[in-house]
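Q: sequence plus predicted model, see below.
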Amino acid sequence: MDDYLKLGHMELIPENEIDVPASSSFYLPHHPVPNKNGDKFRVVFDGSAKSSSGISLNDKQLQLQTDLTTLLLRFRMHKIAITADIEKMCRQITLHDSDFQRIVWRNSPFEPIQDFRLTRIAYGTASAPYLAIKCLQQLALNESNHFPLASKAALKDFYVDDLMSGANSLSEALELQNQLTQMVSSAGLVLRKWASNCSEFLNSIDSDMRLSNTSLNIDNDDTVKTLGILWHPASDVFYFKITPLSFEGTLTKRTLLSTIAKTFDPLGWLSPITIQYKTIMQRLWKQQLQWDERVPTDIKLEWEQLANDVQFVKDIKIPRFLLVDSDNQFHLFGFSDASEKAYAAAIYCRSVSDTGKINVQLIIAKTRVAPLKTVSLPRLELCGALLLVKMMDFTCKALNYPISQAQFYTDSTIVLSWIGSHASRWKTFVANRVAKIQKLSSATQWHHISGSANPADLATRGVSPSTLLTSIWLCGPKFLNETFPFQPDSSVPALNDAVPEERYCTLQSIIVPNHLPDGNDLLHKFSSLSKLKRVISYCLRFVNNCKNSKDKTNGFLKTNELNNAMYVLIKLVQTIEFNNEINALKRNQPLSCRSKILSLNPFLDHSNILRVGGRLRHANLAYGHKHPILLPKRHILTDLIIRHYHEILLHAGTQLVQSCIQEQYWIIGARDVIRHLIRKCVKCCKVKASITNQMSDLPSSRISPAFMRCGVDYAGPFQIKTIKDGYSSILVS
């Protein structure tokens, strides 16, 4: 705390500024955090502590930091690796409004408690990483013209205050180091703890600014903990140093999870080992053990065996540099597999030098335990394929590699069949995942591989660290190490049975009559004869104008157009209802003796409209009156004509409507049809409604107030006379 005061990172609050509204200040709890040796302490402030208002300084923050896995992937692409650290980065950034970081402190119990406020970013607040990263990124943007290499590295290769960058040549590395040093110095920051796999690079840096100042040469024992992963600069490899698993005390679910969480493996290099930890935890969850309950004996024995094998993890070495040389092209290959316990995916990088040297390295891997609910093995294989595609998409974006050039392998022929067909062919579970896979990849990128050559198989079953060293996990299958162009066995074995998860379609046979529409649908769309005639008239006009583009008809409808529309409707109805009679008359044949219109002596006029014959040919009457048009008894057009005449005759009765209609039309059974439709006329029903006699007055018992007559039952129940035509209520208390 004295160091905070000396450096000006904290100041004493004047007495006249201590008493301020609660909304204008905030007090932070704080505590020391020692290092492993216990000789140094870091003051950590609890930014998540809530004030009396229920709000803390860590409630809402933005995300600016590049993903940790992305940084590690990029770090492996540089021939010369460079790491450094910004000294006391957070404490170098001044806050504008510092009154929200108040603390209370005294050097000894004998001194009075004093109020202080921090003038710099405080460890423990969620805003600390954001503010530090934002300041560094803004510095990089402001200085991009003066320091282009440093600006690019500051935007992409920093994890808060840790630099993980590199270059492909010594001159480029020296220029990058020089620009970074000058750029951060312009903001009052200092880069220290420089480390690299190149001794010439370190020779250009002062010894007190390196990670180790024992000598200029990198000692074989010097290691750098790069974001939790140990990096050996001399051999340029990553390795793990896992604390031996403890057997002291009772083995519970809590102690197991605490021990498992200590393994930091963001890129999944130890997936065949860590998947065994995950399956053990899943078994404990299935047994519904409490956190501090002793684990079963079989799990304890299995855990002890894993603990004995963990010592071999230190022998696993992962080369940092993925390529043979800096200017080599590389290709990405992904593998997926599944078992009843888990499913996994792994991605490998293959690069070839100009001399033909091949280098194959594991880039990233992931595992997932199988769901608690039983899932079929093909579905788990599909989940593994989806995990692979997502991981490949992430890796390609981090390495700026087109995913369309990546290759995918699985040992499941069913999954390949699913991916090779449209997603809609399969059931919902499979269809959703196949659609996601096809969105990121194509079926031509997927190949078949035997189970023994699939490295992802190791991550689904789990192997010991000693077995992992001699397996294909770290260097990939053999065909990746063959001379390019190589021809892997990508043929898909034929399936003997039908592919599972196929969505079956239910077909229904329907008999459809083989004839043209009869026009009734059009007639049923209108409830007015006048509107129906106008619509048909406009349709006929449109057809005529299309045929005669030079002599088009425009304007209002004419009488002859309305009449032609009516004739079209009549001919349509007669063709449907009297088809046999019309065909017989056209062939000059007699009508059938069973015809309903035989007695009417029908004939066809010059327009092929069926009319009533008779003996009135020489009568001094209109042609339509002498030979009216025949209409069927039950038809929508007949109903429209009857309603039309009924309305224009001011809702006349049956006899008048029939007389007017028969001047032009002859409806079979006209009187019954007209009477039936008039009875349905709403206006006529209202006008002809009968008046009923008024009911008699209500009895006095119905209109008297309640409890007007009260009595007490001394001698037994009251006898009530039943009234058939009314209702009486007697309340007895």
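A: Thanks, I have it.
Q: can you name the element that comes right after the helix-or-strand element of the chain with minimal mean pLDDT?
A: When each helix and strand of the chain is scored by mean pLDDT, DSSP states H and E, strand 224-226 comes last, with a mean of 56. Per DSSP states H and E, the first helix or strand lying C-terminal to strand 224-226 is strand 229-232.
Q: by contact count, what packs against that following strand?
A: Using 3 or more Cβ pairs under 8 Å, 6 or more residues apart in numbering; DSSP states H and E, the elements in contact with strand 229-232 are strand 224-226, strand 237-239. Backbone N, C-alpha and C define where each C-beta goes, glycine included.
Q: at 7 Å instead, please
A: Contacts defined by 3 or more Cβ pairs under 7 Å, 6 or more residues apart in numbering; DSSP states H and E place strand 229-232 against strand 237-239.
Q: what lines up beside the strand it packs on in the sheet?
A: Using DSSP bridges, the strands paired with strand 237-239 are strand 229-232 (antiparallel), strand 317-319 (antiparallel).
Q: what's the distance between it and the middle of its chain?
A: Put simply, strand 237-239 sits 38 Å off its chain's centre (Cα atoms, centre = their mean, to the nearest Å).
Q: what helices and strands are in contact with the next helix or strand after that strand?
A: Scanning forward in sequence from strand 237-239 by DSSP H and E, the next helix or strand is helix 253-260. Applying 3+ Cβ pairs under 7 Å, 6+ apart, we find helix 253-260 packed against helix 271-286.
Q: by contact count, what packs against the longest helix seen in the chain?
A: Taking DSSP state H as the criterion, the chain has its longest helix at helix 377-399. Judged by 3+ Cβ pairs under 7 Å, 6+ apart, helix 377-399 is in contact with helix 68-75, strand 330-338, strand 342-352, strand 358-369, strand 407-410, helix 413-419, helix 428-440.
Q: who's in contact with the residue lying closest to residue 150 once chain neighbours are set aside?
A: Excluding its sequence neighbours, the residue lying closest to residue 150 (Cβ to Cβ, 6 or more residues apart in numbering) is residue 179, at 3.6 Å. Applying Cβ atoms under 7 Å, 6 or more residues apart in numbering, we find residue 179 in contact with 147, 149, 150.
Q: what's in contact with stretch 133-150?
A: Residues from elsewhere that reach stretch 133-150 (Cβ under 7 Å, 6+ apart): 64-65, 93, 151, 154-155, 158, 160, 175-176, 179-180, 182-183, 186-187.
Q: can you get me a residue count around the closest residue to residue 285 other than its chain neighbours?
A: Closest residue to residue 285 apart from its sequence neighbours, by Cβ to Cβ, 6+ apart: residue 372 at 7.6 Å. Neighbour count of residue 372, defined by other Cβ atoms under 10 Å: 9.
Q: again, but for residue 666
A: Here the number of neighbours of residue 666 (other Cβ under 10 Å) works out to 19.
Q: is it in a helix, a strand, or coil?
A: strand (DSSP: H, G, I helix; E, B strand; the rest coil).
Q: nearest spatial neighbour of residue 626, skipping sequence neighbours?
A: In space, residue 626 comes closest to residue 616 once its chain neighbours are excluded; the distance is 4.4 Å by Cβ to Cβ, 6+ apart.
Q: roughly how far does that neighbour sit from residue 627?
A: As judged by Cβ to Cβ, to the nearest Å, residue 616 and residue 627 stand 8 Å apart.
Q: and for residue 364?
A: Residue 364 sits at a distance of 94 Å from residue 627 (criterion: Cβ to Cβ).
Q: just residue 569 next, same as before
A: Separation of residue 569 from residue 627 (Cβ to Cβ) stands at 19 Å.
Q: just residue 680 next, same as before
A: Distance of residue 680 to residue 627, computed by Cβ to Cβ: 30 Å.
Q: so the two - more neighbours on which side?
A: Comparing residue 680 with residue 627 by other Cβ under 10 Å, the one with more neighbours is residue 627, at 21 against 10.
Q: contact partners for residue 537?
A: 557, 561, 562, 565.
Q: and residue 539, by the same measure?
A: Going by Cβ under 7 Å, 6+ apart, residue 539 touches no other residue.
Q: can you check residue 534 too?
A: Under the criterion of Cβ under 7 Å, 6+ apart, the contact list for residue 534 reads residue 557.
Q: kindly confirm my reading that it is in a helix.
A: Yes. Membership of residue 534 in a helix is supported by three-state DSSP.
Q: mind checking pLDDT for it?
A: In this model, residue 534 is scored at 93, pLDDT.
Q: now swap in residue 505 and tell me
A: Predicted confidence (pLDDT) for residue 505: 74.
Q: neighbours of it, how many?
A: Residue 505: 6 neighbours (other Cβ under 10 Å).
Q: quickly note the distance from it to residue 650.
A: If you go by Cβ to Cβ, the gap between residue 505 and residue 650 works out to 60 Å.
Q: so the most far-flung residue of the chain relative to its centre, which state does it fall into?
A: Each residue of the chain has a distance to the centre, and by Cα atoms, centre = their mean the biggest one is for residue 618: 84.3 Å. Assigned with three-state DSSP, residue 618 falls in the coil class.
Q: start the count at 163 instead of 1 going forward.
A: Got it, first residue is 163 now, which makes that one residue 780.
Q: next up, the contacts around it.
A: Residue 780 makes contact with no residue under the criterion Cβ under 7 Å, 6+ apart.
Q: just to revisit the earlier point, let me know the pLDDT of the residue nearest to residue 447.
A: 90.
Q: over to residue 286?
A: Looking at residue 286, its pLDDT reads 72.
Q: ok, it to residue 325 distance?
A: Counting by Cβ to Cβ, the separation of residue 286 from residue 325 is 23 Å.
Q: what's the answer for residue 764, then?
A: Counting by Cβ to Cβ, the separation of residue 764 from residue 325 is 104 Å.
Q: ditto for residue 344
A: Distance from residue 344 to residue 325, by Cβ to Cβ: 14 Å.
Q: could you list the buried residues of stretch 393-410?
A: By neighbour count on 16 or more other Cβ atoms under 10 Å, the buried set for stretch 393-410 is 393, 394, 395, 398, 399, 400, 401, 402, 404, 407.
Q: residues in contact with it?
A: Around stretch 393-410, the neighbours that count as contacts under Cβ under 7 Å, 6+ apart are 243, 357-359, 380, 382, 384-386, 391-392, 421, 424-425, 432, 466, 469, 472-473, 475-476, 478-483.
Q: I figured residue 798 was touching residue 685, is that so?
A: Yes. Using Cβ atoms under 7 Å, residue 798 makes contact with residue 685 at a distance of 4.6 Å.
Q: what's the average pLDDT for stretch 255-271?
A: Mean pLDDT, computed over stretch 255-271, is 78.
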